[in-house]
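1. 3D model of this:
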Amino acid sequence: MREYLGKPETGWRQRWYTIIFEADTRAGRQFDVALLLAIVASVLVVMFDSVPKYHALFGTPLTVLEWGFTLLFTAEYIMRVVVVRRPLRYVFSFFGIIDFLSIMPTWLAFFAPEFAFLIDVRLLRLLRAFRILKLTMYFEESQILYRALANSRRKILVFLGTVFIITVILGTIMYVVEGPEHGFTSIPLSMYWAVVTLTTTGFGDIVPRTPAGQFITSLTILLGYGIIAFPTGIVGAELAATIIRRPLTTRTCTHCLTEGHEPDANFCKHCGKVLPPYQADDRGGG
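-> Numbers count the residues shown, from 1 in each chain. Okay, here's the model as predicted:
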């Protein structure tokens, strides 16, 4: 269950909460699109600034742009904290931590220059681009993918456990067959060879020398192709089984903050409380 932030029930905080955290209104969609454009632009600034040639030519303009984005994201972060009823839950949520880390390096380097080496942490801003999943046009698709991954998690864990066992067995066999004289100096190192071979990567830093080892390697490569395809089939089957036929929205229950209600729903699917009227003014807007 997600950590509920607490949506204000009335007043300007509720209006700003709807704009900042939801995307069903025209203002909310415009806010999210503008935020995503700012995130992408700020990441490009950081990337160009890391190139010595561009830093020497455009160092000052890039610095001005970086401070502009930092001030913008700082104001946005403060606004997010202000409009929720439970600010600490936002601060310590996944996106709350990412939002903080996206602005912290620049301020830290300004007040404590010895921490300037942390400036590259600003690229974590790119993680904020996952907010695009809250845009109305992508919300249904993101929910389908999320449910498919959640429903297949146990199958994936069983699959990973099986692969680990196979890796241990193959590593042990190759350690016995090839031995230290051919580079297989330990079972963990042989397991590394097994992982590289099963994934058909083949770095070539450790290779079998004996006919028996080469035969085992051939079988391992063939097994690896099947292993690579297996999780794709698991997730694909779950995707087919979890397709949502009715459109979902980002409208949020004011009581428990559960998202993803249908447009014509009258009650929360989680707590049963009455939902506020669906706000979808000017759906064709930006």
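2. Let me see the ranges of the helices in this protein.
-> 11-21, 26-49, 52-83, 87-91, 94-111, 136-151, 153-177, 187-198, 211-241 (DSSP state H).
3. List the contacts of the first one.
-> The one in question is helix 11-21. For helix 11-21, contacts defined as C-beta atoms under 8 Å, 6 or more residues apart in numbering pick out 5, 7-8, 25, 27-28, 31, 76, 79-80, 82-84, 252, 279. Glycine gets a C-beta too; all of them are placed from N, C-alpha and C.
4. ok, back up a step: could the helices of the chain go into TSV alongside mean neighbour count?
-> Output for those, formatted as TSV (neighbours: other C-beta atoms under 10 Å):
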stretch	mean neighbour count
helix 11-21	17
helix 26-49	17
helix 52-83	15
helix 87-91	16
helix 94-111	17
helix 136-151	15
helix 153-177	15
helix 187-198	19
helix 211-241	14
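5. rank those by pLDDT, which is bottom?
-> Among the helices of the chain, helix 136-151 carries the lowest mean pLDDT, at a mean of 71.
6. circling back: for the helices of the chain, which one sits closest to residue 124?
-> Residue 124 lies closest, by C-beta to C-beta, to one member of these: helix 94-111, at 4.9 Å.
7. Columns distance to residue 126 on top of the helices of the chain, output as CSV?
-> CSV is the format used below for these (distance: least, C-beta to C-beta, whole Å):
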stretch, distance to residue 126
helix 11-21, 20
helix 26-49, 5
helix 52-83, 13
helix 87-91, 20
helix 94-111, 9
helix 136-151, 17
helix 153-177, 25
helix 187-198, 28
helix 211-241, 24
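8. For residue 264, which of the ones you listed is the nearest?
-> Closest to residue 264 of those is helix 136-151 (C-beta to C-beta; 15.0 Å).
9. wouldn't residue 40 be in contact with residue 123 here?
-> No. Residue 40 sits out of contact with residue 123 when judged by C-beta atoms under 8 Å, with a separation of 11.9 Å.
10. leaving aside the residues next to it on the chain, what's closest to residue 66?
-> Nearest non-adjacent residue to residue 66, counting by C-beta to C-beta, 6 or more residues apart in numbering: residue 45, 5.6 Å away.
11. Next, find the distance separating the one you found from residue 163.
-> 41 Å (C-beta to C-beta, to the nearest Å).
12. Then residue 219?
-> From residue 219 over to residue 163 the distance is 15 Å, taken as C-beta to C-beta.
13. what's the answer for residue 10, then?
-> Distance of residue 10 to residue 163, given as C-beta to C-beta: 54 Å.
14. domains of the chain?
-> Per the TED database, the structural domains of the chain span 1-141, 145-244, 248-285.
15. so who does residue 189 touch?
-> 183, 206.
16. I should have written residue 267 there, sorry.
-> 273, 274, 275.
17. out of the residues you listed, which one sits closest to residue 228?
-> Residue 228 has its nearest neighbour among those in residue 275, at 44.3 Å by C-beta to C-beta.
18. The closest one: how many residues sit nearby?
-> 18 (other C-beta atoms under 10 Å).
19. The spatially closest residue to residue 82 that is not a sequence neighbour and residue 20: what is the separation?
-> By the measure of C-beta to C-beta, 6+ apart, the closest residue to residue 82 outside its immediate chain neighbours is residue 13, 7.3 Å from it. Distance, residue 13 to residue 20, by C-beta to C-beta: 10 Å.
20. what do you get for residue 167?
-> Distance, residue 167 to residue 20, using C-beta to C-beta: 46 Å.
21. again with residue 218
-> 57 Å.
22. what do you get for residue 201?
-> 44 Å.
23. Same check on residue 235?
-> Remark: distance between residue 235 and residue 20 (C-beta to C-beta) = 32 Å.
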